[in-house]
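Asks: let's see this in three dimensions:
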Amino acid sequence: MTEQTRTLRVRANGLEFEVLEQGTGDRLALLLHGFPETALCWRHQMPLLARLGYRVWAPNQRGYGTSSRPGRVADYDIRHLVEDAAGLAAASGAKRTLLVGHDWGGVVAWWAAAERALELEALAILNMPHPDRYRAALKRPSQALKAWYVGAFQLPLLPDRLLAARGGRMVERAVLGTCRRPGAFPADVLADYRRNSASPGGATAMLAWYRAATRGRLLARAAALPRIGVPTLVVWGEADAALDAAGLDGTERHVADLTVRRLPGVSHWVQEEAPEAVNAELAGFLASRGLVTAPAPGAPG
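Replies: Down below sits the predicted model:
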C-alpha cells in the first residue's frame, strides 16, 4: 500500500475491525473483500477512489486479519455481515456511501443494497452474481460443478486443517492456480493472504461464511430480496474458474439502474488482475452518475 494509507481500529456492530483508509471527506467508499483475500485486494482501487473525492475504507471483514473473530458458525450469517457493513458506514460518519464488493464481499453488498441497510449513492459489484441469480445458475451443470468446493467446505475439521497447513500455502495455490496473470499478486500480498489463513482460528472463520450460508439457507432467502434502486455497476472477469457468467442472466430483474461491463480473459480476481480496466470502469460509471468531486488524472470522465 502507499504512504497515504492509514490503518484504523473501528468499533462497529459490537465488534472491532481493522480498516485501511485513504482519502478524506464525508463521502465514503466502503470496499468489501472476498474469500480468501484480505483488505489488501483493494490496493489498486483505494488511491483512485480517494482521488475521486471519497474517504475510502477497506475493512478486514469479521474473521479476517486482526478484526474480531467470533467463534460460532451462526455468527457469520448474512444478517450479521450486512449489519457489519451498515455499522462501519455509520461509524465513519459519512453522509453518503459507495458500496463496492468482490466475491463474498459482493454477496454482502448485494444484500445490504437490497435491504437498504445503509444510505447508498451507488453500488459496484465485481465477479459475484446477485444471490438469487446464483441460485438459478446452480441449476446448470457447469455452475454446479464449479461450486464443488462449497460442499467440501461443509466437512468438519479437514478443510480447516488443509487451509491452515504449511503457513496457508493452499490459499496461495488456489489464487495463483485460478488467475490468468500470476504476476499481479506481489509476494507481500500473497503472504498476507497466507498469514490470515494460517493464523489461529483464521481458516475456520473464513469457512464459517460458507457454513453459515448453507445452514441458514441463504440462497433460498435471496428470492425475497427487494429490488435495488441505486445505480449499480457489475464488472465481470469472464475467465472465472468458480462462477459462470450465466449468473448475470436476469440481473436486471433485481436492479432498476444496471450497468454491466465484461472483461474477456480476466479471472475471478478481477480487481487485482486487471486494475487499470476495473478502475476505468469505476471512474467512468461514477462520472456518468455525477458522483465524482475531484477528477482522477488519466481517468475517464
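
Asks: could I get the phi/psi values of residue 261?
Replies: phi -130, psi 120 (degrees, to the nearest 10).

Asks: list the buried ones in stretch 127-145?
Replies: 127-138, 143 (16 or more other C-beta atoms under 10 Å). C-betas here are computed from N, CA, C, even on glycine.

Asks: hmm, I typed the wrong one, I wanted stretch 160-171.
Replies: For stretch 160-171, by 16+ other C-beta under 10 Å, it's 160, 162-164, 168-171.

Asks: what about the stretch 201-301 of the chain, any weak spots by pLDDT?
Replies: The model of the stretch 201-301 of the chain has pLDDT under 70 over residues 294-301.

Asks: helices and strands around whichever strand or helix holds residue 79, which ones?
Replies: Per DSSP states H and E: residue 79 is located in helix 78-92. Judged by 3 or more C-beta pairs under 8 Å, 6 or more residues apart in numbering; DSSP states H and E, helix 78-92 is in contact with strand 6-12, strand 15-22, strand 27-32, strand 55-59, helix 104-114, helix 202-215.

Asks: and the buried residues of stretch 160-171, which two are furthest apart?
Replies: 160 and 169 (14.5 Å; C-beta to C-beta).

Asks: identify the residues contacting residue 67.
Replies: Residue 67 makes contact with 15-18, 59-61, according to C-beta atoms under 8 Å, 6 or more residues apart in numbering.

Asks: just say helix, strand or coil for it.
Replies: Put simply, residue 67 is coil when judged by DSSP: H, G, I helix; E, B strand; the rest coil.

Asks: ok so, going back, what residues of the helix holding residue 79 count as buried?
Replies: 78, 80-89, 91-92.

Asks: does residue 97 belong to a helix, a strand or coil?
Replies: Relying on three-state DSSP, one would call residue 97 strand.

Asks: neighbours around it, how many?
Replies: 26 (other C-beta atoms under 10 Å).

Asks: count the neighbours of the nearest residue in space to residue 226 that is not next to it in sequence for me.
Replies: Spatial nearest neighbour of residue 226, excluding adjacent residues (C-beta to C-beta, 6 or more residues apart in numbering): residue 114 at 5.2 Å. Neighbour count for residue 114, taken as other C-beta under 10 Å: 22.

Asks: if I pick residue 114, what's in contact with it?
Replies: Listed by C-beta under 8 Å, 6+ apart, the contact set of residue 114 reads 225-228, 254.

Asks: redo the buried residues of helix 78-92 as TSV? Include pLDDT and distance to residue 107.
Replies: Converted to TSV, the buried residues of helix 78-92 look like this (pLDDT from 0 to 100; distance: C-beta to C-beta, whole Å):
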residue	pLDDT	distance to residue 107
78	98	7
80	98	13
81	98	8
82	98	10
83	98	14
84	98	13
85	98	11
86	98	15
87	98	17
88	98	16
89	98	17
91	98	21
92	98	21
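
Asks: what about whichever helix in the chain runs longest, distance to the chain center?
Replies: Ranked by residue count and defined by DSSP state H, the top helix of the chain is helix 158-178. Distance of helix 158-178 from its chain centroid, counting by C-alpha atoms, centre = their mean, to the nearest Å, is 19 Å.
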